[in-house]
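S.K.: any chance you could fold what I've pasted below:
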Amino acid sequence: MTKGGAGWKKGFLFIICLASLVASTCSYLGYYHFNLYESEKRSMRSVERDFEKLQGTLQKAVSWYPSPEFYLELGRLRLLRAMGEIEFGQPEESEFYLNQASEALKRAVYLRPVDYAAFWELSKAYFLMNYPLPIYADKGRQLCWEAIKRAPHDEFLVSNALVVFFEQWLLLSEEEKTNIEQKIKDMEVGNPGFLERFKRKWRIGHGEETEFTLRLKELGF
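M.R.: Model (predicted):
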């Protein structure tokens, strides 16, 4: 091998080693700040008071290492902040945080499209936009179905999505109702007793059963 060839090989190996070192350092710093965020979150007094600090720590994690896990948590934090504004009777103030949450969650979806969690969290952002008007409810339900496609047998996810669908019953198309009927049947096959557990979940969360029972009958249950 010529001296020039040997020098090129050494230079190439050096670049590879340097790139690996940089990647490892960025990963380490990303997880360092993410773990710091988790620690800060455990001692959080209120999302309103501690939001900026928590978000700042998460943004450092994302800037060092753009992990879908970090973007997902950033989206969740911003959603929590938006819901705080709604609970305080200031839904118009929530739009800024909802838009920011959507940006983070869309990034999480892009980086890990097989993960249902980002789709589920993103659906919440659309449900809350322009609250209490259900302007983006169709988009929110579409994202719920995308989440279900990625975790079709996850009872926690499916039952929570069904709660949303039954709450928005008057907005549903006949096709959506057919899909809900089939989903319940599929869950009963894979998770025997699912429907009864779902009924119990509804009773605990809503109390009222008359309309709920009528809607189940409409589906043939």
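
S.K.: where does pLDDT dip in this protein?
M.R.: 1-19, 21 (pLDDT under 70).

S.K.: for the chain, which segments count as helices?
M.R.: Using DSSP state H, the helices assigned to the chain run over residues 3-42, 47-64, 68-87, 91-111, 116-128, 137-150, 155-167, 174-190, 194-206, 210-219.

S.K.: tabulate the ones you listed (JSON lines), appending mean neighbour count.
M.R.: C-betas here are computed from N, CA, C, even on glycine. Below are the helices of the chain laid out as JSON lines (neighbours: other CB atoms under 10 Å):
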{"stretch": "helix 3-42", "mean neighbour count": "12"}
{"stretch": "helix 47-64", "mean neighbour count": "16"}
{"stretch": "helix 68-87", "mean neighbour count": "21"}
{"stretch": "helix 91-111", "mean neighbour count": "19"}
{"stretch": "helix 116-128", "mean neighbour count": "23"}
{"stretch": "helix 137-150", "mean neighbour count": "18"}
{"stretch": "helix 155-167", "mean neighbour count": "17"}
{"stretch": "helix 174-190", "mean neighbour count": "14"}
{"stretch": "helix 194-206", "mean neighbour count": "15"}
{"stretch": "helix 210-219", "mean neighbour count": "13"}
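
S.K.: distance from stretch 192-201 to the middle of the chain?
M.R.: When C-alpha coordinates are averaged (CA atoms, centre = their mean, to the nearest Å), stretch 192-201 and its chain have centres 24 Å apart.

S.K.: equivalent analysis for stretch 108-122, please.
M.R.: 6 Å.

S.K.: span of it from start to end?
M.R.: 10 Å (CA to CA, to the nearest Å).

S.K.: what comes into contact with that stretch?
M.R.: 66-69, 71-72, 75-76, 79, 101-102, 105-106, 143-144, 146-151, 154, 157, 160-161 (CB atoms under 8 Å, 6 or more residues apart in numbering).
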